[in-house]
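Chemist: Below are the sequence and a predicted model; questions follow.
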Amino acid sequence: MRALVLLVPLLGACTLIFGHENTSPDDPSCKCDAPPASSCLDTSTMRVYSATGTCNSKSCDYVYTDSLCVEGCVGNACIGQDPCTGVACITPPAPSCSDPDTLQTYEISGMCFLGQCSYTSTGTSCPNGCAGASCVGSSSCVGVVCNTPPAPVCADADTLTVPVELGVCANGGCNYSSTPMSCPNGCANGACNTDPCQGVVCNEPPAATCIDADTRQTYGGGICAEGECTYAPTNSTCTYGCLNGACQANPCANITCTGPGNSTSVCDQGECEYSCNTGYEGCAEGYSCLASCSVTSPFSFPATGDSLENGDEGVIGSRTIPTLASATMFASTWQIEDLLASGCTLSYGIYLNNTLIGSAVAQGADMTPTLSLSFTFPAITGPSYLIEYRPTSTPAAGCGAVGIELDVSTVTLQ
């Protein structure tokens, strides 16, 4: 609140004593104790005069204060505001001689009404007369007001000594008791140092960081000390690694791993891996998790290790396919080494478990290097299958022969 303090002279405000007008500021017959009433200067400013004034020739001067009314000024009062709010009535008028033999003094504490302080006054008879606002020849405390205590002082680096506002008069002099006040932040120049953390809010911790590949460091609420904020760190382990201040997500989330039968599947770093259960370890690449080494279809035939019949005229071999209980279809791709002369042929019968399931004819000279065969037949029980290519004709003399390449030609059973 901003306030303007001025002196305003009011003519005719002096009291007439003994039939004459006050003509001197020192005339004890002048009583300036009737200030103008408080008033609204405008819609937001109220003027309040002091309770007592000073004599000035034929008039009284009163100090006034212009105050801002936040909610407006109506009826010579601020709206919604007690005019006595914040007013401390501890400054009574100075003692004065009300007449040549009487000293007029005032109570140290007054009362506030409509923003103005009033003080109870007492007239004291002076046997030797009253002059200079005191009884002549008296060393008593009559009229002495002890309301100007000394300034606070630092008793030591951490203690402030604060005198009370109202002292006690003794032999015409004022004595003020004091109270020691502890200063947590130290004492200097007659005042406690302010708390360097006052108004400091510690709510901006450092960003989370990765202190190593698997550890994330975060920071909790801060504590202010000496005006500076510190934040306690907390470390947490990142199961799947830490990157750019954040724990990484599980790379195997939402991944379902399904391996072959008789196996255990796991996801590792986003990749599926499987291992055969005990007793079902695979034998070689391309084999399943089986109790023994067994091929799957398709497979090479003829292959190294298969038997030959009648010299180079036929081939026989066995295969076990545990996942195929019976077969109803045979498909084969022969890689041919054609040694037959032009116009010559060679016929073959294809047998499965000693049952004829189809036949093939190899042509001379103009034969393509690849021969594909496919047959369907009534179910033949497995899972062990004996496969035979049997020549069913004999080439004429001088026609030559047909070769089927090992480990390249294939058979598929279904």
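Modeler: Sure thing, it's come through.

Chemist: Now do the contacts for I380.
Modeler: Going by Cβ atoms under 8 Å, 6 or more residues apart in numbering, I380 touches 326-328, 352-353, 355, 357. Every C-beta, even on glycine, is put in place using the N, C-alpha and C of the backbone.

Chemist: should've said A246
Modeler: Contact analysis of A246 by Cβ under 8 Å, 6+ apart lists 208, 216.

Chemist: what sits opposite it in the beta ladder?
Modeler: L243 (DSSP bridges).

Chemist: So R390 sits against S347, correct?
Modeler: No. In this structure, R390 is not within contact of S347 by Cβ atoms under 8 Å, at 9.6 Å.

Chemist: Looking at those two, which has the bigger crowd around it?
Modeler: Remark: of R390 and S347, R390 carries more neighbours, 17 against 14, as counted by other Cβ atoms under 10 Å.

Chemist: what separates the more buried one from A360, distance-wise?
Modeler: When Cβ to Cβ, to the nearest Å is the yardstick, R390 and A360 sit 11 Å from each other.

Chemist: shared neighbours of those two, anything?
Modeler: In contact with both R390 and A360: Y348, using Cβ under 8 Å, 6+ apart.

Chemist: so what's G305 up against?
Modeler: G317.

Chemist: so which helix or strand takes in it?
Modeler: Taking DSSP states H and E as the definition, one finds G305 inside no helix or strand.

Chemist: And S374, by the same measure?
Modeler: With DSSP H and E as the test, S374 turns up in strand 370-381.

Chemist: Only the buried residues of the helix or strand that that strand is followed by, if you could.
Modeler: Sequence order places strand 384-391 as the next helix or strand after strand 370-381, per DSSP H and E. By neighbour count with 16 or more other Cβ atoms under 10 Å, strand 384-391 contains the buried residues 385, 387-391.

Chemist: any chance of those in TSV, plus pLDDT and distance to C69?
Modeler: Compiled in TSV, these are given as follows (pLDDT from 0 to 100; distance: Cβ to Cβ, whole Å):
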residue	pLDDT	distance to C69
Y385	88	111
I387	92	114
E388	91	120
Y389	88	119
R390	87	124
P391	85	126
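
Chemist: which of these sit farthest apart?
Modeler: The most widely separated members of the buried residues of strand 384-391, counting by Cβ to Cβ, are Y385 and P391 (20.6 Å).

Chemist: do you know how far L166 is from T148?
Modeler: From L166 to T148 the distance is 10 Å (Cβ to Cβ).

Chemist: Then G53?
Modeler: Counting by Cβ to Cβ, the gap from G53 to T148 is 21 Å.

Chemist: Those two: which has the busier surroundings?
Modeler: Remark: of G53 and T148, G53 carries more neighbours, 26 against 12, as counted by other Cβ under 10 Å.
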